[in-house]
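*Asks:* Okay, sequence plus prediction incoming.
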Amino acid sequence: MQEIQFTLTQTLDTNAYDTLVVPVFSKGDPISQLHTLGLEQAVKKWVTQKDFDAAAASTLLLLDNPDAGCQRLLLVGLGDPAKLTEKTYRSALKAATNKLHQTGAQQVLSVLSAVWPESRDQAWSLYQNTLFLQHGLYDYQHPSRGDFTPKETCVRQVTLFSQSPDMDDALTQAQASAYGMKMTQDLADTPANFCTPTHLADTAQKLGQQYGFEVTILEREQMIEMGMGAFMAVAQGGSTPPKMICLSYQGGDPDQRPIALVGKGVTFDTGGISLKPGQGMDEMKYDMGGAAAVLGTFEAIGRLKPNQNIVGVIPSTENMPSGTAIKPGDVVTSLSGQTIEILNTDAEGRLILCDALTYAQQTYHPEKVIDMATLTGACIIALGHEMSGIMGNDQSLVDALLAAGNHTYDRFWQLPLAEEYDAQLKSNFADMANIGGRSAGTITAGQFLARFTKEANWAHLDIAGTAWNSGENKGATGRPVAALVHYLTNASD
């Protein structure tokens, strides 16, 4: 992905640029910056004459227009100003990004950042403009695509208009997040015969070498000796070696307890003996979306270097049916000592996470723990594909993550945790069952994990509906990297 240089300006001099991007409301309603540029009357005329309707996300590229002061003038419609929302603004940014990357523009001055919905502010606008322009260049690249030619752009520098000169942090964070999302997407989109637990471990090692992270990889024999019976129960069905992948970034005081990120890394999920239906099973390569998000977040953290101590713990394995696979009715002992009756081998994510959560607490003694996983199909039924589910035992942590998701538009919706749901996890043969039935499936999965985080300030992110898209636009989304990066860079505020 080509790196774009982003800068801010408080002046609107088009002489140094070859392309000018201008927002236009319906009916040609002017913004003050158009008067400064001398474009107010020209834009009003184009809209009145029906040359440009200025509907939300519409674009019009004008070449060598004498009113522009530079070679290209890109008009971007925002629709009715009274109806400008985050969604319509972002759709306009997406349209502008796609158009710009299809032109020969190299030096761009954008006034789109001078406008934002009433519920937002300039910093949000600058962040969204930067994120869209950089992340809009993402294109999955892998040798399996043969002679595929990835997206390219002529854009080298984008200068965003800002009323304040002190907002460079918004640009820096957005660009780092775009690169973190890229890594997450690259990993998740890679076929499962390439993206194995070993590949995830190698990726962590490369991140460690690049950014100075401490990286530790636990192998099967070590985890068996430690007593990770839940994780190893899932891994025993496959021949691919499982890995516990740990990264540590020290950006805070040496005595500061870290924030731990724990990500589910099932690189392919057949369901095990409780085999999934064949239709759509190819998408189960995305069941390592939580692991990919942790690694993508560390890519961004390496670039930003926040004043935090952050650790990442990734349990990674395949979930395969075989003569050695775990069976429904089997009982295993987790690293915490709690026993689990396996009622459904397709509820494997919580089994590998519970041991990872215990290991993270025992090893790193974190101040806060955030786990993320493509955990339950029930979350897709509840929330669809727009928002991720969030639960936790620390409301201040949940609130901070909700705010981070709201700012980045990588949003979460809180679901409850309550003792009443524990009855669904009752087992006659172990401390708990690994599944609670059809009712409240996302919540009972959270209740299960809560039994392994009683001593931690903990939040759980269910990203089953948001980590990837199906259908014609099938592919990983890079979520929830943007929200996590925003939270981590602001956690000490």
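*Replies:* Structure's in. What do you need?
*Asks:* Break this structure into its domains for me.
*Replies:* As assigned by automatic domain parsing, the chain contains the domains 5-162, 176-490.
*Asks:* could the ones you listed go into TSV alongside distance to Asp168, mean neighbour count and mean pLDDT?
*Replies:* Placement of C-beta: from N, CA and C, glycine included. Listed next are these as TSV, based on distance: least, C-beta to C-beta, whole Å; neighbours: other C-beta atoms under 10 Å; pLDDT from 0 to 100:
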stretch	distance to Asp168	mean neighbour count	mean pLDDT
domain 5-162	6	18	91
domain 176-490	12	21	97
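*Asks:* those strands in the stretch 351-493 of the chain, which residues are they?
*Replies:* All strands of the stretch 351-493 of the chain, identified by DSSP state E, counting those that start in this stretch, fall at 368-373, 388-392, 412-414, 432-433, 457-462, 468-469, 475-476.
*Asks:* out of the domains of the chain, nearest to Ala170?
*Replies:* domain 5-162 (4.4 Å; C-beta to C-beta).
*Asks:* Show me how far the lengthiest strand in the chain is from its chain's centre.
*Replies:* Counting residues, the longest strand in the chain under DSSP state E turns out to be strand 309-319. Relative to its parent chain, strand 309-319 has a centroid offset of 16 Å by C-alpha atoms, centre = their mean, to the nearest Å.
*Asks:* Could you identify the helix or strand that succeeds that strand?
*Replies:* Toward the C-terminus, strand 309-319 is succeeded by strand 331-333 as the next helix or strand (DSSP states H and E).
*Asks:* Neighbouring strands - and their directions - for that next one?
*Replies:* strand 339-341 (antiparallel) (DSSP bridges).
*Asks:* Identify the residues contacting the partner strand?
*Replies:* Contacts of strand 339-341 with the rest of the structure, by C-beta atoms under 8 Å, 6 or more residues apart in numbering, involve 230, 329-334, 351, 354, 427, 429-434.
*Asks:* closest to Leu461 among those?
*Replies:* In terms of C-beta to C-beta, no member of those lies closer to Leu461 than Cys354, at 15.7 Å.
*Asks:* Distance of that closest one relative to Glu419?
*Replies:* Plainly put, Cys354 is 19 Å away from Glu419 if you go by C-beta to C-beta, to the nearest Å.
*Asks:* can you check Ala292 too?
*Replies:* 33 Å.
*Asks:* Equivalent analysis for Thr363, please.
*Replies:* The gap separating Thr363 from Glu419 is 29 Å, by C-beta to C-beta.
*Asks:* do the same with Asn319
*Replies:* Per C-beta to C-beta, Asn319 is found 30 Å from Glu419.
*Asks:* what about the longest helix anywhere in the chain, distance to the chain center?
*Replies:* Using DSSP state H to define each element, the chain has its longest helix at helix 168-189. Centre-to-centre, helix 168-189 and its host chain are 9 Å apart (C-alpha atoms, centre = their mean).
*Asks:* Return the residues in contact with Ala491.
*Replies:* Contact partners of Ala491, counting by C-beta under 8 Å, 6+ apart, are Ile259, Pro306, Gln308, Lys368, Ala400.
*Asks:* and which of these is nearest Trp458?
*Replies:* Among these, Lys368 lies closest to Trp458 (C-beta to C-beta), at 7.4 Å.
*Asks:* So what sits opposite the closest one in the bridge?
*Replies:* Per DSSP bridges, the residues bridged to Lys368 are Ile259, Asn457.
*Asks:* Surely it touches Ser396?
*Replies:* No - when contacts are counted by C-beta atoms under 8 Å, Lys368 is not listed as touching Ser396 (9.4 Å).
*Asks:* Quick one: end-to-end length of stretch 433-444, please.
*Replies:* 10 Å (C-alpha to C-alpha, to the nearest Å).
*Asks:* So what touches it?
*Replies:* Counting by C-beta under 8 Å, 6+ apart, stretch 433-444 makes contact with 340-344, 347, 350-351, 375-379, 382, 389, 391, 415-417, 421, 424-427, 445, 447-448, 462, all of which sit outside it.
*Asks:* In helices, which of these appear?
*Replies:* Using DSSP H, the contacts of stretch 433-444 in helices are Arg350, Leu351, Gly377, Ala378, Cys379, Ala382, Ala445, Gln447, Phe448.
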